[in-house]
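Asker: Build me a model:
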Amino acid sequence: MEKVFEIKLPQFEGPFDLLLFFIERDEIDIHNIPISNITNDFLDYMHRMTSLNIELASEFILVAATLMRIKAKMLLPRPEMDEQGNEIDPRKDLVERLLLYKQYKESCEELKVMEDDRGMKTTRGNIQKELATIAMENSHAEELMNLTLYQLLNSFNKVLKRFDAEKNKVFHHVVQYPYTIAEQKSKVKDMLRGQEKLAFTEIIFSCENKVQAIFTFLGVLEMLQEQIIRITLGMGYNNFWLSENTSS
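Answerer: As a prediction, the model looks like this:
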């Protein structure tokens, strides 16, 4: 049976701790996060961890998917609007959660200082010393004499529960796909080179699977934002053309 070992890295206790590290490292305004750079750093960290065969918690996968969704929303040409007609910032919910996590983290650090200070004080009596004295006074023979069948059955039941819990433990495996947005952008450029225009469906149908199609779609959005290519509507339903932006 294949064994999977989980390793908890002490420097990052969760995905939000990792995001705060990137923000503090690059001296970024938390209210104006560059999603593209943060997403690339976050995914690069996850790829390094998987290359070391380190199991990542499901929270990291969820936050990575959230960053990809926000990045895709920000690349769309038409932003979402609220009921008053104001543009909705896709990063708003993430920023609020980061600020709340930062507040809790700072509070925990203050409580840790108070805990360490309290631990330096000696309370009346010495529990550890008293327990050690009691243990020395009672021999193993006396413990065996006082052991009952109920205690044995109770201990055996606890061991069985722990065994079942370990046997049915759920592990998450992160699959690293052999695609990147940069590579798909290069592929789209090659397909457009020498072409007056190219149907978007032809680009998508050239993909091998859904995952490659998603990376290709994100690459097209980035190229539109960077004004590398142009998009024009065609006849019919959901029909449009892509062409090189010669004016850029």
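Asker: which stretch of helix or strand covers the spatially most central residue of the chain?
Answerer: What sits nearest the mean C-alpha location of the chain, by Cα atoms, centre = their mean, is residue 60, with 2.3 Å. According to DSSP states H and E, residue 60 maps onto helix 58-75.
Asker: mind listing what's buried in the next helix or strand after that helix?
Answerer: Next helix or strand after helix 58-75 toward the C-terminus (DSSP H and E): helix 92-119. Buried positions in helix 92-119, judged by neighbour count with 16 or more other Cβ atoms under 10 Å: 94, 98, 101, 102. In this view, the C-beta of every residue, glycine as well, is placed from N, C-alpha and C.
Asker: so for helix 92-119, what's the average pLDDT?
Answerer: Helix 92-119 shows an average pLDDT of 83 in the prediction.
Asker: Who are the packing partners of that helix?
Answerer: Other helices and strands packing on helix 92-119, by 3 or more Cβ pairs under 8 Å, 6 or more residues apart in numbering; DSSP states H and E, are helix 15-25, helix 58-75.
Asker: hang on, the earlier thing: and the residue nearest to the centre of the chain, how far from residue 151?
Answerer: 42 Å (Cβ to Cβ, to the nearest Å).
Asker: The residue nearest to the centre of the chain: what's it in contact with?
Answerer: 14, 15, 18, 46 (Cβ atoms under 8 Å, 6 or more residues apart in numbering).
Asker: Pick out whichever of those sits closest to residue 114.
Answerer: For the contacts of residue 60, the residue nearest residue 114 by Cβ to Cβ is residue 14; the value is 22.6 Å.
Asker: Neighbours of that closest one, how many?
Answerer: 14 (other Cβ atoms under 10 Å).
Asker: got the domain boundaries for this protein?
Answerer: The chain breaks down into these domains under automatic domain parsing: 15-112, 181-244.
Asker: Quick one: end-to-end length of the longest one, please.
Answerer: Distances were taken as Cα to Cα, to the nearest Å; on that basis the terminal residues of domain 15-112 are 21 Å apart.
Asker: Okay, now the unreliable bits of this structure?
Answerer: Residues of the chain meeting the criterion pLDDT under 70: 1-13, 51-57, 76-79, 81-82, 85, 87, 122-126, 135-147, 234-239, 248.
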